[in-house]
Every structure is written in C-alpha cells, then in structure tokens.
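Enquirer: for reference, the sequence and a predicted model appear below.
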Amino acid sequence: MKLEQLDREVISSGAVGKVYKATVAASRKVFDMFADSTYANKEEAIARELVANGIDAQGLNGMSHVPIEVVLPTEIEPVFIVKDRGPGMSEEFVTGPFMAFTDGSTKDGSDDAIGGFGIGSKSPLSYVDQFTLRVVHDGILSVYTLFRDEGGIPSIALQAQTTTDEHSGVQVSFPVETPDIPKFVAAAQNALQYFNPLPVVENGTLTGPDYQYVGNNWAMRREAGPLGIVMGGVRYPVVTNSLSYELRSNTKINALLDYGLDLTLPIGAVPIAMSREQLQYVAKTSEVIGKAVAGVLDDVVATFSTIFDSAPSLWEAVRMLAKEAPESGSYTARGRLLAANAKYKGEKLERTVELFVNPKGKLDPTRPVTMWEDRLWVIDSLTGRRRRTVGSSSWQTLGTAKYVHPARYSRVIVDDLPQKPSSKALARIRAFVEDAKDPLDTIVLRPEDGDVDRILAVFHNPSDYVLTSSMPMPVTVKKTKNVNRPRVRMYQSDGQKQRTRWGGQELLSNLTLGENKPGVTEIEYKDQPSTGILIVMSSFEIPNVAEFHKNMASGLIDWDEIYFVNSSDGAKIKANFVDFFEEHARRLKKALAAYPDLPARIALSANQDLKPIFELWKQVGAENLKGAQLRRPFGVIGRVYEKYVASLDSQQRRLAAFIKPDLPKGIKPDELVKSFYAKQPDAALLSGVLKLERQDHLNLFIRSL
C-alpha cells in the first residue's frame, strides 16, 4: 500500500547553530512497543497480517486468485500456520530488508499490495517470543527461527538449508497455548472473511460475511450498524462521529453511514493506522467516504423496490417492512430511508393496509370487497387471558377503521365454523389464545356464509392465519347429573400464573381469587364435577403450602385434577371428593413400589466422584466398548452406570425428594474412583484432552483402557 506523505510548511523562528535529528535506538523498549502496543486484538492481527502478506507475495507470481492456506491449531496439534505460494525470499532479503521494522517494506510505494509498514510480517512476536519461517526460493528450502534475544531485540537465525523441488513460497508457524486455541479459531473467521479468495482452512471452516444484499462494490449487512470500508480484504469500521461535520450533516447520504453497509474501495483509497485496525481520520478520509457513499446511494435505494416483492401478499409485505425497519426505529436514518423508498409490486409500501369495512347495515355497493363491522374483533394480549370476556360483547371491534397495522398483531384467526353452539368456536378461540400467550394482539374474522377466501381478501391475504376448525375441541370438566348438589364456589388454577414469593422460590401460596385474575378460573355451577381431588382453603390460603408444592413437584397429580374451595364450602362437598394429601400419599406409595431400587439409583446418580466417570462412559457409548478388553475399574463403573443410572428418568428423579438415598451393598464409589485413576491413568488423562466424538480419538481412548 502506498503510504501517504503529508507535506507541512515548517517555519523556523531564528534557530541558532546546527539542527539535530531525533533517533530511535534498537532497544527492548522500542520492540516491546511494536509487539505489545500496536495491536488491540493480537490474534486477529496475526491472522490478518500473515494472510495479507501471503496474498501480496502471490501477486508477485501472478497467483492472486489462489487461496492462501491456513492451518488452525487443535488440542492435538496446537500450531497456527499460514502458507503462501509466492516467490519466496532469498537469504539476503530475509536477513536484510525482511528484518527491518517500518523502513524495510517493499510495498509502501504501490497500491497493488496490501502491506506497507514492514511490521506485519513480525506480528507473531506480539504473541510468542519466537516463530518459524520456512522459505522455498529458487529451489532452496531454508528454515529460520525468528526470535527475541536475551536483550529483547528481534533476531533471526538460519536453522537448516537444502535443495528441494517444492513450489516456492513462505510458511509461517508458531505454537498456540491450549486455552488460546478458541481465540485463534474465532480470530480466523473474524479477520479473514473479507479476503477474496477466501483462504483454505484446515481444522476448521471459514465463511464469507453474511450479507443480506450485495451490489456493485457494496453489500448490506443484516443488521443496522456503522459503515465499513473494505480494502484489500481488510474491513475497517468507520467511526461516524470522526467524520467531518459536513459529511455527517448531509441529509442525502447520512442515512447510509449507519445503515449496515460495507463499501469496497481500492487499496490505499483511505489512509489507515499502522496497526491496520482502523482508519486515519484526516480530511481525505471524509472526502473519499462521502464520494463513495454518494456513488452507491441510488443503487442501494433501488433494491428497496424489489426486496419486499418476495412477500406472498401485501399484508405480509407490510409485516416484513416492520421487521426490517421497526416503527420504534423510524426516526433513525436507516428507518426513514427504508420506509420512504420501500415498494411492493411497484407500489409504495406503507406501514398500514387499507380495509373496506362497512358500518353494520350500511353496505357500500361501490366497494367490490367489503366486510361488516361486527364480523371483525381484536383480542388484545391481556383480554385473551380473561376467559369471561373472550367472545362476549366486550370484544373490541375495529369499527369503521380504514387502516390497520399488520405488525401489531401476532396472527389472524378466521372463524370458519358454523355459527351454532355445537361448534364451540368461541371456546376454541379462547383456549387457543390462552395457550399461545401471544405478546401482541390477535385479530378474529368471521366470514359470511363461510367464505374464507373473501374475508382474507379484505385483509390483503395474510398467510399466517389459523382456522377455528383446525383448533382442538376444548376439554371441559365432567358435569354431574345431580341437580340437587350443594351450591358452592369452586375454582381451578394452572399453577403458573398469579404466583407469590414463598421460601425464596416463586410458589403459589394463595389464589387471591377474582373474576379477572389470570391463571385462576371459577367453575360455573352447572359445570362443577361431583367427584375429584379437593383442596379446602382457609380465606383462600392453601393449607400446608410447603408440603403441597413438594407434592406437586412429584408430578403425580396434575393441576387440572385439583379443585379448590374455601372452608365454608368444603364441608358441603368433601364427602364426595378425595383429599389432595391423601390422594398424593396413595399415588406415591404405588409409584415407589414400582421402583424398589430407587434409593440405590438416586444415591449413585448423585455421587459427585462417580459422576464424571459416568459421563465419560456415556460419551464413549456402551456400543463402542463391545468386545473391548476392559480392565476392572472402568468396566465395573460402566456396569454400575448401565444397571442403576442409565434408565433413571425424570419421573424417578422427581420422586427423590420422598426417599432416603441408599447405596447398594457391595458398591463403594470412593474405592472404584480411586482404582480407576490409579490403574487406568492414561484413560483418565486422555478423557480431558481428546474429542471422543472423533473415531480416531475414540479408538485411542479405548486402547488406553
């Protein structure tokens, strides 16, 4: 990259005598500055600089189209490698210009090369004290070690040299500490994704940036954010506030400064910092960026006329617009630009759709597609949880509203069932809305004469609609034929809503009943059962609340089996009902009888010493160990796991609160664990190092047993 030289007029105010120039000594302090202070992200900088150097080198051979090779470190081979197929370097060049910092670069006079500062080739020294340089040049293979000597000065030494028929090129490699392996893997993706062609990566994958739209020298990211400038495969984020005020206040183009765009510019178009991590914000920077943004503005805006055409209908296109530019962000430059230029099928796309709704009894014959006011309702996100109001006259209608915001509704429900009691349409809708727990409102449409297509056309054909005929018939409580039963107030709760804090946990301690309390339902007299499981409350307080919730956690009784009454009503009906605590005790006894070895199962599954070895056995898999000659410790532990722990399901674990764990006779976990680590140390060691989902690693581990 050609480095820009800034010419400044210097006026000397009467200097007397000689003028002396500053010098820089080759000292540890200076090179520590290059190694430790130049890069904010050392892992990304190393990957970026080495690959950029490789691309520049291959350009000298006319091989810019050939991908650079990158080998990512693994736990088995913790080495980072970058290899190019350039012309290589002579020994004189390696020991001379290559080792010069800042003034040794051969690229600072050309914009055909990415580099230019002469420090990127030594970037591994920011992480390690030495690395290996393998150079093939003119049929000679030379291996060098580049290191920092005892004085901290970067030095290079030739380790070996021989003739070879390998292709010319340079390979840089250095060791990576195990904890840093994920950092280098992530750094490769972050730093290398913009190079073209993408490097070929071994021991991992590398993907290009995930753009939503790509144009000529520009691309749009999926999320709004600062402008990015891509030069020579390196992306530089633009700090908007560092640009000139003139550029930032330009209403025509400032919308794109934070729109999520990346602009590709020629190498050297904008001056960069020595670290190659950010731009230099001089006058030229704002000038170049301003012209570049203005040059793509029309191209970017042109995409707005087609990107929403993929929506299946106008209703869905409006919802898509709301997702791309939410109303909450409509005052941002991105939101204003998109909303002002969006189109659907060639027509201006608004945030609302127009409906043809007639007041009841006043049909407008001039409108080809209409609907009656009373055949459209809105269930708001709160009303949908109030069972008494769903489907009643208190439903909110849109009236003669002409415009609707599709983005304000979670879905559209179309009531296509016959309007008769047996359809139970309103009960279906009520149950569906309550189960869905939609964060937004729901629109309900009732077509005339079952004409679903017609009413959907009124709403510009939403695709995310639900027919009431597809909803399950709601489950109702069992009715009694005893018309002379006592009159009581009876309730049910779903156990999730209307909860209060008890004992440091969110637990239901009282029902605080009321007609509009979510999560609590009062059962009408005609629907009350004559038998069931009963909780008799005192002033709506659940008795023995701690024991009640412990019993409910067992999963032996469901919430919909329980009926709640207050003490004044409990005396009237409890003779025909079973007490909750008595019923739970009966079911618990039956459940525990089905698992006679449950105390042993719970005790072994909870043993903290055996747990990591159990997990190891589970990871390896019993199927892979068939036929293997397992020595006693691991094999015995595996058989214990298969017999007691493997089949332990969630129901059995819930019952653990009601039993006392007890180890089976003859099994001593501490001795088994101690024996495993003593007799099979190789297996114990490899289990923490190998990725046992790989077959070669798995075979190695099994052999260690």
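Expert: Now that the structure is in, tell me what you want to look at. Numbering: from 1, shown residues only.
Enquirer: look up the closest residue to residue 196, ignoring the ones flanking it.
Expert: Counting by Cβ to Cβ, 6 or more residues apart in numbering, residue 233 is the residue found nearest to residue 196 once chain neighbours are left out, at 6.2 Å. All C-beta spots, glycine's among them, are computed from the backbone N, C-alpha and C.
Enquirer: contacting residues for that neighbour?
Expert: Residue 233 sits next to 51-52, 55, 114, 192, 194-196 when contact means Cβ atoms under 8 Å, 6 or more residues apart in numbering.
Enquirer: name the nearest of those residues relative to residue 551.
Expert: The nearest member of these to residue 551, counting by Cβ to Cβ, is residue 192 at 58.1 Å.
Enquirer: tell me if I'm right that the closest one and residue 51 touch.
Expert: Yes: the pair residue 192 and residue 51 passes the contact test of Cβ atoms under 8 Å, sitting 5.7 Å apart.
Enquirer: what touches both of those two?
Expert: 70, 199, 233.
Enquirer: now tell me which of the residues you listed the prediction trusts least.
Expert: The lowest pLDDT within those belongs to residue 233, with 91.
Enquirer: how close does that residue get to residue 64?
Expert: Distance of residue 233 to residue 64, computed by Cβ to Cβ, to the nearest Å: 11 Å.
Enquirer: hey, what's in contact with both of the two?
Expert: With Cβ under 8 Å, 6+ apart, residue 233 and residue 64 have common neighbours residue 55.
Enquirer: could you list the domains of the chain?
Expert: 28-202, 211-303, 314-351, 354-470, 490-593, 598-704 (automatic domain parsing).
Enquirer: endpoints of stretch 533-550, how far apart?
Expert: Taking Cα to Cα, to the nearest Å, the first and last residues of stretch 533-550 lie 17 Å apart.
Enquirer: quick check: buried residues in it?
Expert: 533-537, 540, 542, 545, 548-549 (16 or more other Cβ atoms under 10 Å).
Enquirer: now, the residues you listed that are in helices?
Expert: The members of the buried residues of stretch 533-550 that map onto helices under DSSP state H are 545, 548-549.
Enquirer: you'd agree residue 635 is in a helix?
Expert: Yes: assessed with DSSP: H, G, I helix; E, B strand; the rest coil, residue 635 lies in a helix.
Enquirer: which pLDDT value belongs to it?
Expert: Reported pLDDT for residue 635: 77.
Enquirer: for it, the count of nearby residues, please.
Expert: As a burial measure, residue 635 scores 16 neighbours (other Cβ atoms under 10 Å).
Enquirer: can you tell me how far it is from residue 661?
Expert: Distance from residue 635 to residue 661, by Cβ to Cβ: 24 Å.
Enquirer: swap in residue 224?
Expert: The gap separating residue 224 from residue 661 is 55 Å, by Cβ to Cβ.
Enquirer: check residue 488 too.
Expert: 43 Å.
Enquirer: quick one, which of residue 224 and residue 661 is more surrounded?
Expert: residue 224 (18 against 15).
Enquirer: so that one, which of the three states?
Expert: coil.
Enquirer: check what pLDDT it gets.
Expert: Reported pLDDT for residue 224: 76.
Enquirer: number the chain from 164, please
Expert: Sure, I'll start numbering at 164, so the last one becomes residue 387.
Enquirer: what count of nearby residues applies to residue 782?
Expert: Residues near residue 782, counting by other Cβ under 10 Å: 14.
Enquirer: and it, that one's in a helix?
Expert: Yes: assessed by three-state DSSP, residue 782 belongs to a helix.
Enquirer: so where's the longest helix in this structure?
Expert: helix 446-466.
Enquirer: restricting to C-alpha, output the very next helix or strand once past it in CSV.
Expert: Beyond helix 446-466 on the C-terminal side, the first helix or strand identified by DSSP states H and E is helix 477-487. Extracted as CSV, the C-alpha positions of helix 477-487 are listed here (Å, rounded to 0.1, in the frame of the first residue of the first chain):
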residue,chain,number,x,y,z
LEU,A,477,-49.5,-7.0,0.8
TRP,A,478,-50.3,-7.9,4.4
GLU,A,479,-47.1,-9.9,4.7
ALA,A,480,-45.0,-7.3,2.9
VAL,A,481,-46.1,-4.7,5.5
ARG,A,482,-45.1,-7.1,8.3
MET,A,483,-41.8,-7.6,6.6
LEU,A,484,-41.2,-3.8,6.4
ALA,A,485,-41.9,-3.5,10.1
LYS,A,486,-39.3,-6.2,10.8
GLU,A,487,-36.7,-4.5,8.6
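Enquirer: packing partners of helix 477-487?
Expert: If you count contacts as 3 or more Cβ pairs under 8 Å, 6 or more residues apart in numbering; DSSP states H and E, helix 477-487 packs onto helix 496-504, strand 516-517.
Enquirer: tell me the angle of that helix relative to helix 496-504?
Expert: 160 degrees (axes from the mean of the first three to the mean of the last three Cα atoms, to 10 degrees).
Enquirer: picking up where we left off before, mean pLDDT for the domains of the chain: which is lowest?
Expert: domain 517-633 (a mean of 67).
Enquirer: can you give me the end-to-end span of that one?
Expert: 28 Å.
Enquirer: I'd say residue 223 and residue 249 touch.
Expert: Yes: counting by Cβ under 8 Å, residue 223 does reach residue 249; the two are 5.8 Å apart.
Enquirer: list the residues that contact residue 648.
Expert: For residue 648, the contact set (Cβ under 8 Å, 6+ apart) comprises 691, 693, 736.
Enquirer: now those residues as JSON lines including distance to residue 721?
Expert: Converted to JSON lines, the contacts of residue 648 look like this (distance: Cβ to Cβ, whole Å):
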{"residue": "691", "distance to residue 721": "18"}
{"residue": "693", "distance to residue 721": "19"}
{"residue": "736", "distance to residue 721": "20"}
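Enquirer: report the buried members of those residues.
Expert: The neighbour-count criterion (16+ other Cβ under 10 Å) marks 691, 736 among the contacts of residue 648 as buried.
Enquirer: now the contacts of residue 648 in JSON lines, with distance to residue 511 and secondary structure?
Expert: Formatted as JSON lines, the contacts of residue 648 follow (distance: Cβ to Cβ, whole Å; DSSP: H, G, I helix; E, B strand; the rest coil):
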{"residue": "691", "distance to residue 511": "58", "secondary structure": "coil"}
{"residue": "693", "distance to residue 511": "64", "secondary structure": "coil"}
{"residue": "736", "distance to residue 511": "65", "secondary structure": "helix"}
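Enquirer: for the contacts of residue 648, which one is nearest residue 729?
Expert: residue 736 (11.3 Å).
Enquirer: who's in contact with that closest one?
Expert: Contact analysis of residue 736 by Cβ under 8 Å, 6+ apart lists 648-649, 651, 697, 728.
Enquirer: just say helix, strand or coil for residue 323.
Expert: strand.
Enquirer: with just CA atoms, put stretch 831-848 into PDB.
Expert: Below are the C-alpha coordinates for stretch 831-848, written out as PDB (Å, rounded to 0.1, in the frame of the first residue of the first chain):
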ATOM      1  CA  LYS A 831     -18.100 -48.400  47.200                       C
ATOM      2  CA  PRO A 832     -17.900 -45.400  45.000                       C
ATOM      3  CA  ASP A 833     -14.700 -43.900  46.600                       C
ATOM      4  CA  GLU A 834     -12.800 -47.200  46.100                       C
ATOM      5  CA  LEU A 835     -14.000 -47.500  42.400                       C
ATOM      6  CA  VAL A 836     -13.000 -43.900  41.600                       C
ATOM      7  CA  LYS A 837      -9.600 -44.300  43.300                       C
ATOM      8  CA  SER A 838      -8.900 -47.500  41.500                       C
ATOM      9  CA  PHE A 839      -9.800 -46.000  38.100                       C
ATOM     10  CA  TYR A 840      -7.400 -43.100  38.400                       C
ATOM     11  CA  ALA A 841      -4.700 -45.400  39.800                       C
ATOM     12  CA  LYS A 842      -5.000 -48.400  37.400                       C
ATOM     13  CA  GLN A 843      -6.000 -46.500  34.200                       C
ATOM     14  CA  PRO A 844      -4.200 -43.200  34.400                       C
ATOM     15  CA  ASP A 845      -3.800 -43.000  30.600                       C
ATOM     16  CA  ALA A 846      -7.600 -43.200  30.100                       C
ATOM     17  CA  ALA A 847      -8.200 -40.600  32.800                       C
ATOM     18  CA  LEU A 848      -5.700 -38.200  31.200                       C
END
